[in-house]
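**Q** I need the structure of the sequence given here:
(2 chains)
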There are 2 protein chains.
Amino acid sequence: MSPEQPVWSGPQRVVLTSSGDPLRLRSGAELAHVEVAYETFGELAPERDNVVVVCHALTGDAHIAGEGGWWANLVGPGLAVDTDRWFVVCANLLGGCRGTTGPSSIDPATGRVHGLDFPLFEVADQVSVHRRLLDHLGIGRLHALVGGSLGGMQVLEWLLAEPERTDHAVLVATPARLTTENIAFSAVAREAIMSDPDFHDGRYAEHGVTPRRGLKVARMMAHITYVSAESLASKFGHRRVPAGPDGAPGTATLGVDFEVESYLQHQGESFLDRFDALSYLYLSRALDHFDPLGDPATPSRLARLAAHGTRVSLTSFDTDWRFSTAQSEPIVTALRAAGVEVDAVELRSPWGHDSFLLEPPGYHARVRAALDGVPAVNIR
Amino acid sequence: MSPEQPVWSGPQRVVLTSSGDPLRLRSGAELAHVEVAYETFGELAPERDNVVVVCHALTGDAHIAGEGGWWANLVGPGLAVDTDRWFVVCANLLGGCRGTTGPSSIDPATGRVHGLDFPLFEVADQVSVHRRLLDHLGIGRLHALVGGSLGGMQVLEWLLAEPERTDHAVLVATPARLTTENIAFSAVAREAIMSDPDFHDGRYAEHGVTPRRGLKVARMMAHITYVSAESLASKFGHRRVPAGPDGAPGTATLGVDFEVESYLQHQGESFLDRFDALSYLYLSRALDHFDPLGDPATPSRLARLAAHGTRVSLTSFDTDWRFSTAQSEPIVTALRAAGVEVDAVELRSPWGHDSFLLEPPGYHARVRAALDGVPAVNIR
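**A** Just a heads-up that it's a prediction; the model follows:
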């Protein structure tokens, strides 16, 4: 292993339920069998006091660091989430398609894919699964929780579920809830998937197909919302693709004329190889209904968080129009009203929501400082 | 006819081509047979000096005023475009599906629908058809051209094609060209339509179907870009729809949970009854390639416009993120550089791009003043 590679558990999997101990969801529905896929990076200290849980976003997975890790610029030896110091745990989400039980998993009770019989769940339920995983690993108190986008939403649910379990929390590009516009885009994505004739009411696996057309359209559209108009303009402008065999350069077609179209085609196509349509439906719906500040129990939970002394770092990006600073402000307000120590900053970044996966100036330094429990030197 | 109804021609249709006189497109392609559907409102003055041409937007049609008219709040007796004074002409667009020749029209040469054999065209070609129509009607000089969105883009092409033909021009929510993000959304819409199995390479009519799923998704997505995040939030917020027979109120489903989803469903479904998928492809592509300021011939055309003394009114709306003020600014700059008299204002309006169809304060007064040739009293 090269020196830059973190100590790594490799892919791990554990069943968290047993007969008589199902996962009970907030809706009241139960899942009798829940497996969780997870990975760890770094080494657990003998005192078990160096645990950092990273929560992944909508289409991420547990493989955050090392080769092919989707957050390998942030998590690794010597990086902001330094795997030479911290024992980092990341688990796949309930409802996802990367190893943890989801709607496309086989239901052991029937031997068939769950499909649309899989119960709807909330972000709090996804966190509940991961809390069980940490219990299973014998890890109580956490040094920190870190997440961006849906990952940050999980961090918030963690804090509310167990206000005394964590000392530091890092939320990036995290909304208190979705906007009406967010929900509208989400609805169009689901429409594209569910109206694809190959969706077969969610039983597509039994038909040997996947709703590729709908999932591709959903991803292409969603991708536009992950970036900024500015970044699309500076990256692609109005540049044309080289003409194909049937056209002179610059000839208009109904195919791919502009580089940005070629880029979106690639985004849509490559997504099909790594993501499942049912998971997309269920995860996006959990996002739509996320609204922890609307829960009457939240203020008392936040008061416990303040009493525990948990410090919260919140970062947003000025060009992020999917989960904007305005959407995260209610979190800051609620935390401060409860007396929680919050360091909230909007950073400049040209890359829209995707900024949380990139390295706009000041961002990684803020994450590092938050884990160290020291004030960040904020730049703008 | 009630007193509020304008004098109306009823639907009219004329063939503008003849053998030996096809429509030659900018690409070099020719259309041997082009019919145009149009309507007129008001009465042509004996001096033929009261003609106002209204150019319609992407999914509009010639029926602008009177009962069911899509711009009936602006055009009619006593309104900003006063049909008691002006003889208003509006014609359906080349490539559209409301009477003027388009890709779903029957090609008289083959007896079949054109389909994807219909040549790609530019906005300038659409204007060329309408210029022929006006010639056919014996109308030379125009008092004014009025258009919003794609309608405004046509107005700009009219000015460039015949700089001496028009005395006043009213452009609303009109970009100099599309942004990269605009083109990206447009590409997703086309992907949705063309990947629908019922598209049948554009020969869906011959299969007795239409690509309803794709067209619905395209329209739902586009609709989000026509409104503002603010207007969606104030109109729908996070309100839920009443629960159906299979769920308690507030129960999450993968169907329609939020009012905004119900609204989008309605927008998508109702569009299917009035618009054609092939037209959507062709018209959206004409928008993508619109870039008249990039044409080397434009500065000399604008100089002629200035010499003629044409006055241009340009209005944009602050929440319009589809065709923003920034996108119309290059038009203002180019016109002023050429010495054209331009009155350009950004109005406040909560409704995004759709503002051009509504009545934000100051808007209709500006249109009326422009047609009167007097300075608008601008409010903000």
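**Q** Tell me the residues of the stretch 201-350 of chain A that contact chain B?
**A** Applying Cβ under 8 Å from any Cβ of the partner chain, we find that the stretch 201-350 of chain A lies next to chain B at A:213-214, A:216-217, A:220-221, A:224, A:229, A:232-233, A:235-238, A:251-254, A:256-258, A:260-261, A:264-265, A:268, A:281-282, A:285, A:288-289, A:291, A:321. For glycine as for every other residue, the C-beta is placed from the backbone atoms N, C-alpha and C.
**Q** from those, which ones fall inside helices?
**A** Secondary structure from DSSP state H places A:213-214, A:216-217, A:220-221, A:224, A:229, A:232-233, A:235-236, A:260-261, A:264-265, A:268, A:281-282, A:285, A:288-289 of these in helices.
**Q** what about burial for the residues you listed, which qualify?
**A** Buried members of those, counted by 16 or more other Cβ atoms under 10 Å in any protein chain shown: A:213-214, A:216-217, A:220-221, A:224, A:229, A:232, A:236, A:260-261, A:264-265, A:268, A:281-282, A:285, A:288-289.
**Q** Outline the domain layout of chain A.
**A** A:12-181+A:288-372, A:183-285 (automatic domain parsing).
**Q** Residue A:217 reaches residue A:194, doesn't it?
**A** No. Using Cβ atoms under 8 Å, residue A:217 is not in contact with residue A:194, being 11.7 Å away.
**Q** all strands for chain A, in order.
**A** A:12-15, A:23-24, A:30-31, A:35-41, A:51-55, A:75-76, A:81-82, A:87-91, A:106-107, A:112-113, A:142-148, A:166-172, A:311-317, A:341-347 (DSSP state E).
**Q** And residue A:342, how far from residue B:74?
**A** Applying Cβ to Cβ, to the nearest Å, the value for residue A:342 to residue B:74 is 49 Å.
**Q** cool, residue A:164 as well?
**A** Counting by Cβ to Cβ - residue A:164 and residue B:74 are separated by 62 Å.
**Q** higher neighbour count, those two?
**A** residue B:74 (24 against 14; other Cβ atoms under 10 Å in any protein chain shown).
**Q** how about the more buried one, phi and psi?
**A** Phi and psi for residue B:74, reported as degrees, to the nearest 10, are phi -110, psi -30.
**Q** give the contact list for it.
**A** B:64, B:80-81, B:364, B:367 (Cβ atoms under 8 Å, 6 or more residues apart in numbering or on different chains).
**Q** Greatest separation within these: which pair is it?
**A** Maximum pairwise distance among the contacts of residue B:74 (Cβ to Cβ): 14.0 Å, between B:64 and B:364.
**Q** between those two, who's got more neighbours?
**A** The neighbour comparison of residue B:64 against residue B:364 (other Cβ under 10 Å) goes to residue B:64, with 26 against 16.
**Q** which one is that one nearest to, not counting chain neighbours?
**A** The spatial neighbour of residue B:64 that comes closest, neighbours along the chain excluded (Cβ to Cβ, 6 or more residues apart in numbering or on different chains), is residue B:71 at 4.3 Å.
**Q** close enough to count as contact, the one you found and residue B:55?
**A** No. Counting by Cβ under 8 Å, residue B:71 sits too far from residue B:55 to count as a contact (10.7 Å).
**Q** Looking at those two now, which is surrounded by more residues?
**A** Per other Cβ under 10 Å, whichever of residue B:71 and residue B:55 has more neighbours is residue B:55, with 28 against 24.
**Q** Quickly list what the closest residue to the more buried one other than its chain neighbours is bridged to.
**A** Nearest non-adjacent residue to residue B:55, counting by Cβ to Cβ, 6+ apart: residue B:147, 3.4 Å away. On the basis of DSSP bridges, residue B:147 is bridged to residue B:55, residue B:171.
**Q** Looking at the strands of chain A, spot the one closest to residue B:180.
**A** With Cβ to Cβ as the criterion, residue B:180 lies closest to strand A:311-317 of the strands of chain A, at 19.1 Å.
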